[in-house]
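Visitor: with the sequence up front, the predicted model follows.
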Amino acid sequence: MKTVHRMFLRLALSLVGITAVLVLPLTSTSQTAAQQPAAQIEDYDAKARQIVAQMTLDEKISQLHGIKDQANYRVVPGLPRLGIPALTVTNGPAGVGPGGPGHEGKATALAAPISLAATWDVDAARLNGQIAGSESAALGNLLLESPDINIARTPLNGRTFESFGEDPFLAGRMAVANIQGIQGRQIIANVKHYAGNNQEQNRHKVNDVIDERTLREIYLPAFEASVKEGHVGSLMGAYNSVNGAYCCENDFLLNKVLKSEWGFTGFVTSDFGAVQSTVASAKAGLDLEMPTGIYFGKALKIAVESGEVPVSLLDDKLIRRFRTMMELGVWDQQPQLATIPPEHADVACKLATEGIVLLKNDNRLLPLKTDTIHSIALIGPFAGQAMTGGGGSSHVSPVLTVSPAEGIKKLVGENISLVFDEGKDIGQAVARAKVADIAILMLGDRQTEGKDHDISLSQDQNDLADAVFEVQPRTIVVLKTGGPILMPWIRHAPCILEAWYPGQEDGSAVAAVLFGKANPSGKLPITFPKTLADLPLRTPEQYPGVDNQAHYSEGVLVGYRWYDAKEIEPLFPFGHGLSYTTFAYKDLSVFGPDADANVTVEFTVTNTGDCAGAEVAQLYVGLPVRPDLPQPPRQLKGFCHIQLESGSFQRIKMSLDARALSYWDTASHSWKVLPGAYYISVGASSRDLRLNTTFEIK
């Protein structure tokens, strides 16, 4: 099926003047730490220890923080005397973002991470990482601050666009593959922001009060997968506090869970300016202060000389970083500055296309057919330029951009008239929409780091939409948003595409889906509510917090878990996404559980439509409920992205281990499997479950 999938992508993209690139033209042969023989890793450890043993106290201190001056930023200086290379750092959740002098520049602006999550495709996540990793090296960097895997506790979070949505299982699968892609290009990935960084408002002061079960089941699993399966080289401590301790001085999170329980062998960096102490942070497990040494500079030296911080603690921090740099191939082999390969634009287009979600398609208005259309009115504030990404540290300076008009015009040619109107003068926009065969209305938002946001579109955009719908029933809405938005005009909109922030290839990707050169296969990684009142966080104590305390009193009922438990109908459910073809599910079989609580689930998916397409089959599990242990009705525990030709089918097999069937038991502080009935549901979304059955664990 992978061959079919690749052939489909090449065909879909070549029809809009693009050649799909599935294998990057890079020849890195580096192995990740997980792939290397144990003896080789031991050699790296011994070499790191030998180097640290030769360092003076001043040299050790110089290696525990970054520096910033006119010539240096986002860098830990090297130490030529001992052959220690400089550690250059750049941002990267949506492509290579801001770096520093000598290691920054234009890069491929990839689709926003929320779009990547909407692919539900681990191969896409790995490919995204390969692009970002290789371009980080091309700009002279060794560490890429990516991926951002914080759970979307609320869609009001200003960085919703920068993460993988509301579900810890989906976020974990995408994170592992993305990390593998990055580190396979000899770049250190930096998973962030650990932990509970789920709002931008008051992010420097807020204390997240999270009960043990909620922390373990919702907010830590994606980080755990990144460490245990992704073998991520570094991790970033967040600004906020969790249960009374700042994340960069949180002994429970850093020492107990991360380093001891999960066996993390890499190093912990701070978010920029997130360190609040010297001794507490040093003892709690922080390994590197960024961007400068306010607390890990002179103050740390004084703490060592006074005996408050043992030198052995500094040694451990340095050994961790040096060993990781050796394991991932960035110690002896420094990256060489290089140009960005032009074929990376093709990959960016592929990824953006695959992330587009078809939310609504009444009367099968989409895909548009060029042989029946003579004129198009392209309208709206997001129709003029490519929406390359959100604001803040993830902003990318793109090597090129493709505007919506450019992408559509290139596809439809000269025989179809295309008129663009930004929509500032609603009367003029309405007049143009009225006389066109089709109106394409592009609306959106602009999320950014540092502040939260409303999920309503601006009033002028809603007014524009109402006015256009009134005169043009053949209006297609293309949303360019960083997350869910409210749609007061939805009953008048026959077709809605969620394109997220498509990146530099905006115009090409959106045009391919609009005109059927690519069949949309994206699925929502986050629930779209009908009203603000439907959101799980309903009190100021929950969000944004009172007196710097945010109480996570909704517990494990985050995202679709809340809507299902409270029987609230969403505007569009988690996992939703339509296609230009149709899929049927049948023949569900469950084998097990065996003595270790392993279960195998099998079912068949058939493409029953008249064109090729991709489907994301989703597996949900409902755990037994006790009066003292409430559970959401269902939790995502498996998914499979498959490509099927018209009329073809595939037998899908998914495995569930004991962890997939477990809850966090606060009495024993461990994962437990509860006896009772377990519900298996398979389907096309969390609310479109086609097959259901049960099995019992005694």
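Guide: Done, it's in. Numbers count the residues shown, from 1 in each chain.
Visitor: CA only for contacts and neighbour counts going forward, please
Guide: Will do.
Visitor: any idea how far the most far-flung residue of the chain relative to its centre lies from residue 54?
Guide: Distance from the C-alpha centroid of the chain, by Cα atoms, centre = their mean, peaks at residue 306 (43.7 Å). According to Cα to Cα, to the nearest Å, residue 306 and residue 54 sit 22 Å apart.
Visitor: check contacts around the nearest residue to residue 495 once chain neighbours are set aside.
Guide: Excluding the flanking residues, the one nearest residue 495 by Cα to Cα, 6 or more residues apart in numbering is residue 361, at 4.5 Å. Going by Cα atoms under 8 Å, 6 or more residues apart in numbering, residue 361 touches 494, 495, 496, 578.
Visitor: now neighbour count and secondary structure too, for these, in CSV please.
Guide: Formatted as CSV, the contacts of residue 361 follow (neighbours: other Cα atoms under 10 Å; DSSP: H, G, I helix; E, B strand; the rest coil):
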residue, neighbour count, secondary structure
494, 19, coil
495, 22, strand
496, 22, strand
578, 20, strand
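Visitor: end-to-end on stretch 620-627?
Guide: Terminal residues of stretch 620-627 are spaced 22 Å apart (Cα to Cα).
Visitor: report the buried residues of that stretch.
Guide: Across stretch 620-627, burial judged by 16 or more other Cα atoms under 10 Å covers 620, 621, 622, 623, 624, 625.
Visitor: what's the answer for stretch 290-305, then?
Guide: 290, 291, 292, 293, 294, 295, 296, 297, 300, 301, 303, 304.
Visitor: could you list the residues in contact with that stretch?
Guide: By Cα under 8 Å, 6+ apart, stretch 290-305 touches 57-58, 61-62, 64-68, 73-75, 269-273, 275-279, 288-289, 309-311.
Visitor: circling back: and the buried residues of stretch 290-305, which two are the farthest apart?
Guide: Within the buried residues of stretch 290-305, 291 and 304 form the most distant pair, 21.2 Å apart (Cα to Cα).
Visitor: could you dump stretch 150-169 to PDB, C-alpha only?
Guide: These are the backbone C-alpha positions of stretch 150-169, laid out as PDB (Å, rounded to 0.1, in the frame of the first residue of the first chain):
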ATOM      1  CA  ASN A 150       1.900  20.300  24.700                       C
ATOM      2  CA  ILE A 151      -1.700  19.100  24.800                       C
ATOM      3  CA  ALA A 152      -4.400  21.600  23.600                       C
ATOM      4  CA  ARG A 153      -6.300  21.800  26.900                       C
ATOM      5  CA  THR A 154      -8.100  24.900  25.500                       C
ATOM      6  CA  PRO A 155      -8.300  26.100  22.000                       C
ATOM      7  CA  LEU A 156      -7.900  29.600  23.400                       C
ATOM      8  CA  ASN A 157      -4.200  28.900  23.800                       C
ATOM      9  CA  GLY A 158      -2.200  31.200  21.500                       C
ATOM     10  CA  ARG A 159       0.100  28.300  20.500                       C
ATOM     11  CA  THR A 160      -2.600  25.800  19.600                       C
ATOM     12  CA  PHE A 161      -1.200  26.000  16.000                       C
ATOM     13  CA  GLU A 162       2.200  24.900  17.200                       C
ATOM     14  CA  SER A 163       1.400  21.600  18.800                       C
ATOM     15  CA  PHE A 164      -0.300  18.300  17.800                       C
ATOM     16  CA  GLY A 165      -3.800  18.800  19.200                       C
ATOM     17  CA  GLU A 166      -5.800  17.500  22.200                       C
ATOM     18  CA  ASP A 167      -5.000  13.800  22.400                       C
ATOM     19  CA  PRO A 168      -1.900  12.400  24.100                       C
ATOM     20  CA  PHE A 169      -1.800   9.200  22.000                       C
END
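Visitor: tell me which helix or strand in this structure has the weakest average pLDDT.
Guide: None of the helices or strands of the chain scores lower by mean pLDDT, DSSP states H and E than helix 2-14, at a mean of 35.
Visitor: can you give me the helices for the stretch 551-698 of the chain?
Guide: Assignment of helices within the stretch 551-698 of the chain using DSSP state H, counting those that start in this stretch yields the ranges 560-565.
Visitor: what ranges do the strands span in the stretch 101-250 of the chain?
Guide: 143-145, 188-194, 207-209, 234-237, 241-242, 245-246 (DSSP state E, counting those that start in this stretch).
Visitor: will you turn these into TSV that also has mean pLDDT?
Guide: Listed next are the strands of the stretch 101-250 of the chain as TSV, based on pLDDT from 0 to 100:
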stretch	mean pLDDT
strand 143-145	98
strand 188-194	98
strand 207-209	98
strand 234-237	98
strand 241-242	98
strand 245-246	98
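Visitor: for residue 663, find the nearest of the ones you listed.
Guide: strand 207-209 (19.8 Å).
Visitor: and that closest one, what other elements does it pack with?
Guide: Counting contacts by 3 or more Cα pairs under 8 Å, 6 or more residues apart in numbering; DSSP states H and E, strand 207-209 is packed against strand 241-242, strand 549-551.
Visitor: and stretch 138-145, how far out from the chain middle?
Guide: 19 Å (Cα atoms, centre = their mean, to the nearest Å).
Visitor: likewise for stretch 140-153?
Guide: Worked out by Cα atoms, centre = their mean, stretch 140-153 lies 9 Å from the chain centre.
Visitor: out of the contacts of residue 361, who's nearest residue 40?
Guide: Among the contacts of residue 361, and counting by Cα to Cα, the member closest to residue 40 is residue 578, at 48.6 Å.
Visitor: and the residue nearest the centre of the chain?
Guide: Closest-to-mean residue, the chain, Cα atoms, centre = their mean: residue 164 / 3.1 Å.
Visitor: hang on, the earlier thing: mind putting the buried residues of stretch 290-305 into CSV with distance to residue 249, secondary structure and pLDDT?
Guide: Listed next are the buried residues of stretch 290-305 as CSV, based on distance: Cα to Cα, whole Å; DSSP: H, G, I helix; E, B strand; the rest coil; pLDDT from 0 to 100:
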residue, distance to residue 249, secondary structure, pLDDT
290, 14, coil, 98
291, 17, coil, 98
292, 17, coil, 97
293, 15, coil, 97
294, 15, coil, 98
295, 12, coil, 98
296, 13, coil, 98
297, 16, coil, 98
300, 14, helix, 98
301, 18, helix, 98
303, 16, helix, 98
304, 17, helix, 98
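Visitor: not counting sequence-adjacent ones, nearest residue to residue 249?
Guide: Counting by Cα to Cα, 6+ apart, the residue nearest residue 249 is residue 281, at 4.1 Å.
Visitor: roughly how far apart are that neighbour and residue 240?
Guide: 14 Å.
Visitor: and residue 249, by the same measure?
Guide: Distance from residue 249 to residue 240, by Cα to Cα: 11 Å.
Visitor: list of residues touching stretch 267-281?
Guide: Applying Cα under 8 Å, 6+ apart, the set of residues contacting stretch 267-281 is 193, 204, 233-239, 246, 248-250, 285-291, 295-296, 299-300, 303, 308-309, 317, 320-321, 324.
Visitor: 6 Å instead?
Guide: The contact list for stretch 267-281 (Cα atoms under 6 Å, 6 or more residues apart in numbering) reads 234-239, 248-249, 286-291, 295, 320-321.
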